[in-house]
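Novice: sharing a model prediction with you, sequence too.
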Amino acid sequence: MAVSKSTNTYNRQNWEDSDFPILCQTCLGDNPYIRMTKEKYGKECKICVRPFTVFRWCPGARMRFKKTEICQTCSKLKNVCQTCLLDLEYGLPIQVRDAALKIQDDLPRNEVNKEYYIQNLDNQMSKYDATQPSNSALKSKGASDLLLRLARTAPYYKRNRPHVCSFWVKGECRRGEECPYRHEKPTDPDDPLADQNIKDRYYGVNDPVAEKLMRRAAAMPALPPPEDRTVTTLYVGNLPDNITEDELRAHFYQYGEIRSLTLVPRAQCAFVQYTTRSAAEHAAEKTFNRLVIGGKRLTIKWGKSQGRQGINDKNESAPVLEPVPGLPGTLPPPPAFLHPFPPQMPPPPNRPNDFFNLHHYGPGGWGGWGPGMAPPVPPPPAPVAPVTPVGLHYPSQDPSRLGAHAHANAPQS
C-alpha cells in the first residue's frame, strides 16, 4: 500500500540548497577575494518561512559582516538582493520600482496560500531558466523615466558600515580606535527611516526609504529649453575616458539628425548640434539626468547662442572707462584758426611737403606734384568767414617780401 507524502515531507525535500547567493554589487563588496561561510538550512526565510542556505561574509575592511535574509525563490520572484532587498537592476526599493513600472503585487499573504504559490513557482523555475526573474511583469516592462532618474549607477558601499557602538553612546567604550563599531551619534528614534520592516519592504508597502526617494524625484529640477529658438546644441559632460565619437553619435542620432558633434577628450565633454530645434528638445528631454554610459551618469545642458555670446564677449572685452585727467582725450578742442582746412574739406594725402604745411598751388602742382602730373581736383571750398590770425607776426610772413611779386623795372624773360 503506497503511502502519500504529506505537505511537510514535500517541503522538506524541496528546501533550498544553493552554492552561491543572489547579491547586489554593494552587498558583495569591493574585495574580489571574498570568503563566505555556508550553512545548509541554517535559517528560515523571513518571507516564506522555509529553511534555506545561509551565507555569511565580510564585504571589506572596516565593514560589518552580512548574511542572506530571504531564500532564493523569494529573491527571484521579486528580482531583489537576498540581503538588502533592493532591486538588482536599478538598486531601488521594491515600492519605487513597482510604482514606476505600474506593477501590482499578487503575492498571497496567507501562509497556506503562500506555501502553495511558492511550490508552483519552484516547479516553473525548474523547467525554465532560473537566472531570470520569475515575475512575468518584470520581464515585459521596460525602464521608465522615474527609474532612470533615481537608479544608482555605482555601488554604494556606505551601506556596509558597522553599526553604532552602544557602549560609546553610553560613554563606556574603552576600545578607542580598535572598536569595530561606529562611534557616531545614533539615528533619531522618531525618524521614520529608523523603523523599517523587512516584510513591508518586500511587499512594497509603508517603506519610508521608498517614500523619501519618491519625494526626491518629485523635487528634481527639469531642463527648460532656452528662449532663443536658434539654439540647437546640447552640452554633454562627465563622459567616460574611453568613449569615442562614433559611440556618442550612435546614441544621440536616435533623437534626430545631427549637424555636428565635437568631442573634447581633455575636458571629458562633447557638444552635439542638431539640425532642428525639435530634435534638440526631444534629446534633452530623454537624456537629462537619465543617460548612463560606461557606468557614469552624463550631464546634459543646453548650449549658448553664438550671436548672444559674441555680443556679451564684446561688451566684456571693451568696458567703458572714465577719462583720465591730463590725457589728450580730455583736453578741449583746438581753436578753429589752427585747422589748416575747413571742416567741410578733407586734408590732402600725406606727401613730403605736407610735413612743412606747404599746401598751395605752384609750379610743382598741389603740395609738391611734379611737372607732367595732373594735380588732383580739390572739392570746391565752402564759403568761410575770414579768420584774422591772432598771435605774433614776423617780417617773413609779409606777402610783399621774398620775391612774391616781381619788380616793375625787372627785365622780362
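Specialist: That came through, no problem. Numbers count the residues shown, from 1 in each chain.
Novice: tell me what the longest strand along the chain is packed against?
Specialist: Within the chain, and with DSSP state E defining each element, the longest strand by residue count is strand 36-44. With contacts defined as 3 or more Cβ pairs under 8 Å, 6 or more residues apart in numbering; DSSP states H and E, the packing partners of strand 36-44 are strand 51-57. Every residue, glycine included, has its C-beta placed from N, CA and C.
Novice: elements contacting the strand it packs on?
Specialist: For strand 51-57, the packing partners by 3+ Cβ pairs under 8 Å, 6+ apart are strand 36-44, strand 66-67.
Novice: would you mind writing the CA trace of it as PDB?
Specialist: Provided in PDB are the C-alpha atoms of strand 51-57 (Å, rounded to 0.1, in the frame of the first residue of the first chain):
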ATOM      1  CA  PRO A  51      14.600  26.900   5.600                       C
ATOM      2  CA  PHE A  52      17.300  27.900   3.100                       C
ATOM      3  CA  THR A  53      21.100  28.000   2.800                       C
ATOM      4  CA  VAL A  54      22.500  30.900   4.700                       C
ATOM      5  CA  PHE A  55      25.700  32.700   3.600                       C
ATOM      6  CA  ARG A  56      27.800  35.000   5.800                       C
ATOM      7  CA  TRP A  57      30.700  37.100   4.700                       C
END
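Novice: how big is the angle separating that strand from strand 36-44?
Specialist: Orientation of strand 51-57 against strand 36-44 (axes from the mean of the first three to the mean of the last three Cα atoms, to 10 degrees) gives an angle of 140 degrees.
Novice: any residues touching strand 51-57, and which ones?
Specialist: Here strand 51-57 makes contact (Cβ atoms under 8 Å, 6 or more residues apart in numbering) with 15-18, 20-21, 29, 34-45, 65-68, 70-72.
Novice: and it, what's buried?
Specialist: Burial within strand 51-57, assessed by neighbour count using 16 or more other Cβ atoms under 10 Å, is assigned to 51-55, 57.
Novice: quick one on the thing from earlier: could I get the helices and strands packed on strand 51-57 in a markdown table, plus columns for mean pLDDT, mean neighbour count and distance to residue 203?
Specialist: As requested, the helices and strands packed on strand 51-57 are exported to a markdown table (pLDDT from 0 to 100; neighbours: other Cβ atoms under 10 Å; distance: least, Cβ to Cβ, whole Å):
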| stretch | mean pLDDT | mean neighbour count | distance to residue 203 |
| --- | --- | --- | --- |
| strand 36-44 | 92 | 14 | 18 |
| strand 66-67 | 94 | 20 | 21 |
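Novice: among these, which comes closest to residue 83?
Specialist: Nearest to residue 83 among these is strand 66-67; the distance by Cβ to Cβ comes to 5.5 Å.
Novice: who are the packing partners of the longest helix along the chain?
Specialist: When secondary structure is assigned using DSSP state H, the longest helix within the chain turns out to be helix 111-127. In terms of contacts (3+ Cβ pairs under 8 Å, 6+ apart), helix 111-127 is packed against helix 7-13, helix 72-78.
Novice: which strands or helices does the helix or strand following the last one pack on?
Specialist: Tracing the chain past helix 72-78, the next element assigned as helix or strand by DSSP states H and E is helix 94-101. Other helices and strands packing on helix 94-101, by 3+ Cβ pairs under 8 Å, 6+ apart, are helix 145-150, helix 198-203, helix 208-218.
Novice: again, only this time at 7 Å
Specialist: Using 3 or more Cβ pairs under 7 Å, 6 or more residues apart in numbering; DSSP states H and E as the contact test, the elements touching helix 94-101 are helix 145-150, helix 208-218.
Novice: which SS state does residue 47 fall under?
Specialist: At residue 47 the chain is in coil, as set by DSSP: H, G, I helix; E, B strand; the rest coil.
Novice: how about the nearest residue to it once chain neighbours are set aside, what does it touch?
Specialist: With sequence-adjacent residues excluded and distances taken as Cβ to Cβ, 6 or more residues apart in numbering, residue 47 is closest to residue 74, at 4.5 Å. The neighbourhood of residue 74, defined by Cβ atoms under 7 Å, 6 or more residues apart in numbering, consists of 45, 47-48.
Novice: and those, which is the shakiest by pLDDT?
Specialist: Of all the contacts of residue 74, the model is least confident about residue 48, whose pLDDT is 85.
Novice: number of residues surrounding that one?
Specialist: 22 (other Cβ atoms under 10 Å).
Novice: could you shift the numbering so residue one becomes 45, and keep it that way?
Specialist: Understood, numbering begins at 45; the last thing we discussed is residue 92.
Novice: and the closest residue to it other than its chain neighbours, how many neighbours?
Specialist: Taking Cβ to Cβ, 6+ apart as the measure, residue 92 lies nearest to residue 162, with 5.2 Å between them; neighbours along the chain are not counted. Residues within reach of residue 162, counting by other Cβ under 10 Å, total 22.
Novice: before we move on, what's the pLDDT of residue 162?
Specialist: 77.
Novice: so it touches residue 89, yeah?
Specialist: No - using Cβ atoms under 7 Å as the test, residue 162 is too far from residue 89 to be in contact (9.3 Å).
Novice: so what sits against both of these two?
Specialist: Counting by Cβ under 7 Å, 6+ apart, nothing touches both residue 162 and residue 89.
Novice: can you tell me the closest non-neighbouring residue to residue 244?
Specialist: Leaving out its chain neighbours, residue 244 is closest to residue 250 (Cβ to Cβ, 6+ apart), at 4.7 Å.
Novice: try residue 240
Specialist: The shortest distance from residue 240 to any residue other than its chain neighbours is 6.4 Å, reached at residue 252 (Cβ to Cβ, 6+ apart).
Novice: just checking, the one you found touches residue 241?
Specialist: No - because the distance of 9.8 Å does not satisfy Cβ under 7 Å, residue 252 is recorded as not touching residue 241.
Novice: give me the more crowded residue out of these two.
Specialist: residue 252 (18 against 13).
Novice: spit out the contact partners of that one.
Specialist: With contacts taken as Cβ under 7 Å, 6+ apart, residue 252 has the following neighbours: 236-237, 240.
Novice: restricted to helices, list the residues you listed.
Specialist: Of the positions in those, not one sits in helices, assigned by DSSP H.
Novice: residue 218: which of those residues is nearest?
Specialist: Checking these one by one against residue 218 (Cβ to Cβ), the nearest turns out to be residue 237, at 30.3 Å.
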